[in-house]
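Asker: Structure of the sequence below:
(chains A, B, C and D)
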There are 4 protein chains.
Amino acid sequence: MSGNTFGKLFCVSSFGESHGPAMGCIVDGCPPGLPLSEQDIQPEIERRRTGTSRHTSQRKEPDQVRILSGVFEGRTTGTPIGLLIENQDQRSRDYDKVKDRFRPGHADYTYQQKYGRRDYRGGGRSSARETVMRVAAGAIARKYLRERLGVTIQGYLAQLGPLRLEVRSLRTVYDNPFFSPDPSRLTEIEDYMTQLRRDGDSVGARINVLARGVPPGLGEPIFDRLDADIAHAMMSINAVKGVELGAGFESVAQRGSEHRDLMSPQGFLSNHAGGVLGGISSGQDILVSLAFKPTSSIVIPGETIDIQGRSVEVVTTGRHDPCVGLRATPIAEAMLALVLMDHYLRHRAQNADVAPDTAAIPASAPPAGA
Amino acid sequence: MSGNTFGKLFCVSSFGESHGPAMGCIVDGCPPGLPLSEQDIQPEIERRRTGTSRHTSQRKEPDQVRILSGVFEGRTTGTPIGLLIENQDQRSRDYDKVKDRFRPGHADYTYQQKYGRRDYRGGGRSSARETVMRVAAGAIARKYLRERLGVTIQGYLAQLGPLRLEVRSLRTVYDNPFFSPDPSRLTEIEDYMTQLRRDGDSVGARINVLARGVPPGLGEPIFDRLDADIAHAMMSINAVKGVELGAGFESVAQRGSEHRDLMSPQGFLSNHAGGVLGGISSGQDILVSLAFKPTSSIVIPGETIDIQGRSVEVVTTGRHDPCVGLRATPIAEAMLALVLMDHYLRHRAQNADVAPDTAAIPASAPPAGA
Amino acid sequence: MSGNTFGKLFCVSSFGESHGPAMGCIVDGCPPGLPLSEQDIQPEIERRRTGTSRHTSQRKEPDQVRILSGVFEGRTTGTPIGLLIENQDQRSRDYDKVKDRFRPGHADYTYQQKYGRRDYRGGGRSSARETVMRVAAGAIARKYLRERLGVTIQGYLAQLGPLRLEVRSLRTVYDNPFFSPDPSRLTEIEDYMTQLRRDGDSVGARINVLARGVPPGLGEPIFDRLDADIAHAMMSINAVKGVELGAGFESVAQRGSEHRDLMSPQGFLSNHAGGVLGGISSGQDILVSLAFKPTSSIVIPGETIDIQGRSVEVVTTGRHDPCVGLRATPIAEAMLALVLMDHYLRHRAQNADVAPDTAAIPASAPPAGA
Amino acid sequence: MSGNTFGKLFCVSSFGESHGPAMGCIVDGCPPGLPLSEQDIQPEIERRRTGTSRHTSQRKEPDQVRILSGVFEGRTTGTPIGLLIENQDQRSRDYDKVKDRFRPGHADYTYQQKYGRRDYRGGGRSSARETVMRVAAGAIARKYLRERLGVTIQGYLAQLGPLRLEVRSLRTVYDNPFFSPDPSRLTEIEDYMTQLRRDGDSVGARINVLARGVPPGLGEPIFDRLDADIAHAMMSINAVKGVELGAGFESVAQRGSEHRDLMSPQGFLSNHAGGVLGGISSGQDILVSLAFKPTSSIVIPGETIDIQGRSVEVVTTGRHDPCVGLRATPIAEAMLALVLMDHYLRHRAQNADVAPDTAAIPASAPPAGA
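Answerer: Sure thing, here's the model as predicted:
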């Protein structure tokens, strides 16, 4: 209820501050019998990890995840799965400069207003460090979805500041540190990032995520539509300022005759809906797009106030990403996995005994982004 | 849990199908002592009502709301507030044409897949008719927010298909049937809609909503951030395909030095964040923008399948809006009110005894849309 | 969250005051495809109805239930089921005597303390009148449980004040106005009640409820054990002061060698557990026992205080039951049905794909109360 | 949702198996600013600890709790509090005897039925070991209640098998290993336990808990009444078979003129209600009584079945309490603290701005158990 739990049937409850002793979470509701070990989770954490390239921040932690419960003899038991990652890189720093002043664009001011106090070390709870547990929990959801339902989830960098990227190859996305779907533009991206770092500035990004093989029927109208819960999940990621499904904001200028996805016995003829109709998955690819703002942690000095309300200047030092969107792909993938897993369980709770009068049609249309 | 309840402390549970006997909802958690009568709710329902202009659909119902509980001697008692609107315009129609075939772009196919059956009369539960209870419940939240906290909420039409509208006058938004913020363009809009109707087609729209006077501190990181819950609320409205806060998707191409909102003792110097930092309200205006897809109910024939999976053609007849976005403004306002009210109660549950070490600064920056 | 919703997957949200316009509820989460009409609900409401005997209070209302949504062509659709009963017997009374004074043993004082105001007409929300919606919603759960899972639920009067009743015939329980399981003692009960009424006093009662045919596996350890949720459900009924499962408080003086239920291939050899082990149903009969306090609405004057804290005397007039337990049987049955239904859905959400390594053994032991 | 979270606003989510790597929980919703360190929690864990007397089981673990998050500079921050206790006494044992057979009276059979598998080492999740996290989380709630609201919570052993204990001195309850409120009977209890151990048998117990200083107004009718949530909390403790509030099952034979608690300007004249009226705290002492069954882990052989459904015999070896009720007092206290804390936050969420028209009267009546 205080906001640290995600999901209703596949529930992730998270804790941990950037510079506290540990990050952890509980995954409650995982069906029993799923083969699971740390080796299923660790690779996804690695993908998210800071330090995968020189363009992301320099935290050098192993981020070794431990499964503390809920798994026995290599399989989930149906009891809650406790996950823990000790924070090892809590280097002693001088926080005097940020302790009493509110970094613009950060959560400093609002945490202070809300709670009357805040853990100012590295942003405390508001640090993107917390997303490591989203990825860890998401790895479990993703495994179930993939192995039991055949659902695959794939994200990629769709735009970096002014650079728009086409989808040339989804297979190689994980092979480059930018999650770029166009291998031919890696040098260009790298040069852009180098210049950005020289400028001491940051930039925004657009990330797309798609899920294939999602069975029709997921989503709980009217308030917990699948797209509504996806929007919730994605907007809960640090720095996200916008979420779209399918045609998204392009729908505004579209006509109905163009937007609506016609259907044939061979499947849908297009996918402007992004795989969701009336809040329920249609069997088509789920297509989500996210806007990440440029990080506010830049070395360019900025005007702000201190805790007494006096005008001061602030310069953010320490390790920071010039583009938080660059390593957001695994996080967005994890959140989509969590939403789908939760809705799969919700769906079968109510509808496990439903035999549809009609068979699902194939999701034949090519995905918008492919 | 099955998706018909919104909010955690200020909870709205809704029921009703388009052509069933009645629409209703329960508002649970409203603080006691709020003066309330049907007269506080009815005007907002009227604003949403079908039939306010010849460009929206022709349902001619009084939509008279009844308060069935929770109010005594003119004030709320703290017990659940039951609201009911009887459906009067259930004209006997021939549904044979839609009964067995799935209208493209509608929820027909997905409801059938999910539940194994569906109420095909007027879309049943998937009809936009359900939004009437959102507006009714939202009216209560809005009254509390306005009278107790000084929060005002205002939405408007920002774009209609290709026509982008500037904010010339927020005061006159309710005076025209399009919720246009620019009174000088009403004829243009009207002409556009007339042509659209002649084409038998529909078009999308963009709606903006802003909330002023929101106290700092609302929002529950990390998963129930204020912006995440706003995204959830907005994306749960029929036909919404995208949600933005503040700079939204423009953030993608922005630099950090441009995006971050600097602060002075006189207040914030800009509002790219849209009033939310780290998932918590900053005291600035909350700025939300929504993309509505063009309605799929158009008279242009479309290819689809029937319940046996055979190829058929469908033409949607009956009363339908060529632009659902046109009457979405009161709905979006209501959802924002519900989110803010819920988060106000959630905030004070945990933090009622917090005395901030620092006073809130004025929300001095002009809102983006004003 | 404000306490008017019961259940997590099979959710009942209720509203209505004793002398307000109507009582209503929403049943959300009912699986689609269940045949349902008002005729399935009305008989259970009749059983609960005030006025079935001269020993229960004299409210003469038809209590006609209407289904407002969620049912189409005679079957549930999976969308929320709205139920409504208009209050017709709101006779104009003089409430001046109770308006400003707190009846001892009632909720008057605590509602005033909690909400700062209260609807004093007939107890408002704290009236046992609200249980009518529990019975209505419970009828739907009961129907599903019976028709789809073969679960039957049966309650009876186990003790009326000093009179302890043996179970002679569960089949005739509904045939007498006291829900007595011993038809031979009806005259004795009647005489006792007549004398009680002459005394102007009231008395407590014990109600037992049992559920047969419950599949093993229901219940969610550790906090939402089946017995914990049953205790919650039962203690939420007006006037209940104690709840037991199986041997209940007799367990205190038992030895382990006596209490534990041995098992054989033919089934359990006893049922001290009451059908729940480790918080999960074992397949044996669920056995619940409830203590109802004597109603506090008696004509014997009592010392109390008024709203200014001054000492006053109060005499309760109007229609009141000398034993609320007498018509509590259908309510207790309904609550047990709601718990079982909710847990059935919760169980299958997580465990629908579980194939137990071992088959359930027969629930061969005779139920404790039979 | 899968049952491992307790509370709605003060939420405890728990994980851990008896012989897994660690026990842990997350406390979410704790108000910020509460002074907190491990030293506030550890003593309550010690009180619960196995091994405090030779009459409780012999697990020799330090049970050292670590706070992993949510506390900064010695005070809670409002973010989730992660608690962890590593399991150190996981001695390698031979589980072959229990692996494939279901101990009667245990959760073995039902876990197997529910999840299709189970962690059979020491009972896994169904072990009373999990209650250590209830006590840890309860310590935080108890501290807030005591320091901010002046609420004190005290439990004691009211009956051990056939031995009924009078309350002679609540102050010395924690000074003896039985939590006996009558210091004069310690030898008698000790002799009884010695004989019981010699018999290889176990026995039940009754534990009473009372809370003093609870403000009036806590509890959310109609389903989440304070007493209903207390019943839920208590029945969720391992081995509890019955719960009573106030007069409890004695109410059955009482008359209304005797049961109802009269009120005077000096306070209530009795406390049969147990401090709850209409589901809301009255300001009187909350009085709760629990029945614990005799543990089923006894050395007397018992008939049962194995996983193939064949008849087998089982003898429980290893460390086990002959009376689980003996160390249940701190657990029951913790659960009551969690319920009260949760309801305090729920109450102020809705009613923080209520100024009661009438002042609370003193809770003058002596508690039933004192």
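Asker: Could you look up the SS state of A:Q113?
Answerer: Secondary structure for A:Q113, judged by DSSP: H, G, I helix; E, B strand; the rest coil, is helix.
Asker: Can you tell me the closest non-neighbouring residue to it?
Answerer: Using Cβ to Cβ, 6 or more residues apart in numbering or on different chains and skipping residues adjacent in sequence, the residue nearest A:Q113 is B:P216, 4.0 Å away. From N, CA and C alone the C-beta is placed, and that goes for glycine too.
Asker: how close does the one you found get to A:P104?
Answerer: Using Cβ to Cβ, to the nearest Å, B:P216 is found at 15 Å from A:P104.
Asker: if we can go back for a sec, and the residue nearest to A:Q113, what does it touch?
Answerer: Contact analysis of B:P216 by Cβ atoms under 8 Å, 6 or more residues apart in numbering or on different chains lists A:Y109, A:T110, A:Q113, A:K114, B:I280, B:S281, B:S282, B:G283, B:A360.
Asker: In strands only, show me these.
Answerer: B:I280, B:S281 (DSSP state E).
Asker: Just the buried positions in stretch A:311-323, please.
Answerer: Buried residues in stretch A:311-323, defined by neighbour count with 16 or more other Cβ atoms under 10 Å in any protein chain shown: A:V312, A:V314, A:T316, A:H320, A:D321, A:P322, A:C323.
Asker: can you check stretch A:150-169 too?
Answerer: A:151-161, A:163, A:165, A:167.
Asker: and that stretch, does that touch chain C?
Answerer: No - residues of stretch A:150-169 contacting chain C under Cβ under 8 Å from any Cβ of the partner chain: none, with a closest distance of 14.1 Å.
Asker: Just the terminal-to-terminal distance for that stretch.
Answerer: One end of stretch A:150-169 to the other measures 21 Å (Cα to Cα, to the nearest Å).
Asker: Report the distance from it to the chain centre.
Answerer: 14 Å (Cα atoms, centre = their mean, to the nearest Å).
Asker: Just checking it against chain B, any contact.
Answerer: Yes - Stretch A:150-169 lies within reach of chain B by Cβ under 8 Å from any Cβ, at A:Q159, A:G161, A:P162.
Asker: of all those residues, which comes closest to C:R255?
Answerer: Proximity of the residues of stretch A:150-169 next to chain B to C:R255 (Cβ to Cβ) peaks at A:Q159, which lies at 72.5 Å.
Asker: What separation do you get for the residue nearest to A:Q113 and chain C?
Answerer: Separation of B:P216 from chain C (Cβ to the nearest Cβ, to the nearest Å) stands at 24 Å.
Asker: got it, and A:Q154?
Answerer: Taken as Cβ to the nearest Cβ, the span from A:Q154 to chain C is 25 Å.
Asker: Would you agree A:D40 falls within a helix?
Answerer: Yes - assigned with three-state DSSP, A:D40 falls within a helix.
Asker: And the pLDDT at it?
Answerer: According to the prediction, A:D40 has pLDDT 98.
Asker: Give me the neighbour count for it.
Answerer: Around A:D40 there are 17 other residues, counting by other Cβ atoms under 10 Å in any protein chain shown.
Asker: tell me which element the closest residue to it other than its chain neighbours falls in.
Answerer: Spatial nearest neighbour of A:D40, excluding adjacent residues (Cβ to Cβ, 6+ apart): A:K143 at 5.5 Å. Taking DSSP states H and E as the criterion, A:K143 maps to helix A:131-144.
Asker: Quick check: what element follows that helix along the chain?
Answerer: In N-to-C order, the element after helix A:131-144 by DSSP H and E is strand A:152-160.
Asker: So for A:I45, what's the nearest residue that isn't a sequence neighbour?
Answerer: A:D63 (5.2 Å).
Asker: Touching, the one you found and A:L83? I think so.
Answerer: No - assessed by Cβ atoms under 8 Å, A:D63 is found out of contact with A:L83, at 11.4 Å.
Asker: between these two, who's got more neighbours?
Answerer: A:L83 (28 against 23).
Asker: State whether that one and A:A139 are indeed in contact, as I suppose.
Answerer: No - between A:L83 and A:A139 there is no contact under Cβ under 8 Å: 9.4 Å.
Asker: intersection of neighbour lists for these two?
Answerer: Residues touching both A:L83 and A:A139 (Cβ under 8 Å, 6+ apart): A:I41.
Asker: Residue of chain A nearest chain C, please.
Answerer: Chain C sits closest to A:A349 of chain A, with a gap of 3.6 Å, by Cβ to the nearest Cβ.
Asker: quick revisit: tell me the gap between the helix holding A:K143 and the middle of its chain.
Answerer: 10 Å.
Asker: tilt between it and strand A:152-160?
Answerer: With axes from the mean of the first three to the mean of the last three Cα atoms, to 10 degrees applied, the angle from helix A:131-144 to strand A:152-160 works out at 140 degrees.
Asker: Point out the other helices and strands that helix A:131-144 packs with.
Answerer: Contacts defined by 3 or more Cβ pairs under 8 Å, 6 or more residues apart in numbering or on different chains; DSSP states H and E place helix A:131-144 against strand A:11-15, strand A:22-28, helix A:38-48, strand A:81-86, helix A:329-351.
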